[in-house]
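Sequence and predicted model, in that order:
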Amino acid sequence: KNEVEQSPQNLTAQEGEFITINCSYSVGISALHWLQQHPGGGIVSLFMLSSGKKKHGRLIATINIQEKHSSLHITASHPRDSAVYICAAILDGSGSRLTFGEGTQLTVNP
Amino acid sequence: SQTIHQWPATLVQPVGSPLSLECTVEGTSNPNLYWYRQAAGRGLQLLFYSVGIGQISSEVPQNLSASRPQDRQFILSSKKLLLSDSGFYLCAWSPLAGGLPDTQYFGPGTRLTVL
């Protein structure tokens, strides 16, 4: 069983919809990243958070340490948001090493 | 500003041939450096990380090795490639943060196909 799990694996939405991607983890962590991977493979770090909530433009990331759960929300989704979104956790005692979820393939149709 | 370079961008190699992928970081000193692999249809996996010159930690047993000959240079190598080495290889760096977690910045990646 992976220590970091994401859901759903695949998500298709219509432009303008509100999107939520979930990430849960089974052990203690010091921080959690949300990453975005575009079809060419390049990866961009969207957020790193260890508590509470962060917002950047139409993206919002939240984390609940007690429940071991994080969510990535996209408001007013757009076709250019289509990408793979990856949750990655820094497990306690692992220094700065990331443990990755399997990723969520998001497709936003116009 | 900091930038991270990887080359080559794509590579097709026969089974049994050697491999050398290079990653360099500009605009920062003493970064933590990482090599990741993403096999087809699978998630990212950490292969190696380095906190300083000559200091390499391996996460998974494999026929790959890594070296850090200079502060901002990280090299991934193999003496004999296997078919299972095919994948997308990503280099990343993060600031030296005194043991505290920090953002990781990813390179553009190298797509390796072993035939």
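That came through fine. The structure presented is a predicted model; accordingly, all values stated were derived computationally and were not measured.

going forward, measure contacts and count neighbours with C-alpha atoms only.
Noted.

Burial check on the residue nearest to residue A:75 when sequence neighbours are not counted, number of neighbours?
Nearest residue to residue A:75, sequence neighbours excluded (CA to CA, 6 or more residues apart in numbering or on different chains): residue A:18, at 4.7 Å. A total of 14 residues lie near residue A:18 under the criterion other CA atoms under 10 Å in any protein chain shown.

Hmm, residue A:73 and residue A:18 touching each other?
Yes - contact status for residue A:18 versus residue A:73: in contact at 7.2 Å, counting by CA atoms under 8 Å.

tell me the contacts of the residue most central in space within chain B?
The residue lying closest to the centre of chain B (CA atoms, centre = their mean) is residue B:35, at 2.7 Å. Residue B:35 makes contact with B:46-49, B:76, B:89-92, according to CA atoms under 8 Å, 6 or more residues apart in numbering or on different chains.

Just the closest of the residues you listed to residue B:2, please.
residue B:92 (11.8 Å; CA to CA).

give me the element the closest one is part of.
strand B:87-94 (DSSP states H and E).

now for the next helix or strand after that strand, which elements pack on it?
Per DSSP H and E, the first helix or strand lying C-terminal to strand B:87-94 is strand B:105-106. If you count contacts as 3 or more CA pairs under 8 Å, 6 or more residues apart in numbering or on different chains; DSSP states H and E, strand B:105-106 packs onto strand A:43-49, strand B:87-94.

any idea of the mean pLDDT in strand B:105-106?
Averaged across strand B:105-106, the pLDDT comes to 92.

Show residues contacting the helix or strand that it is followed by.
Per DSSP H and E, the first helix or strand lying C-terminal to strand B:105-106 is strand B:110-114. With contact meaning CA under 8 Å, 6+ apart, strand B:110-114 is reached by B:6-15, B:21, B:81-90.
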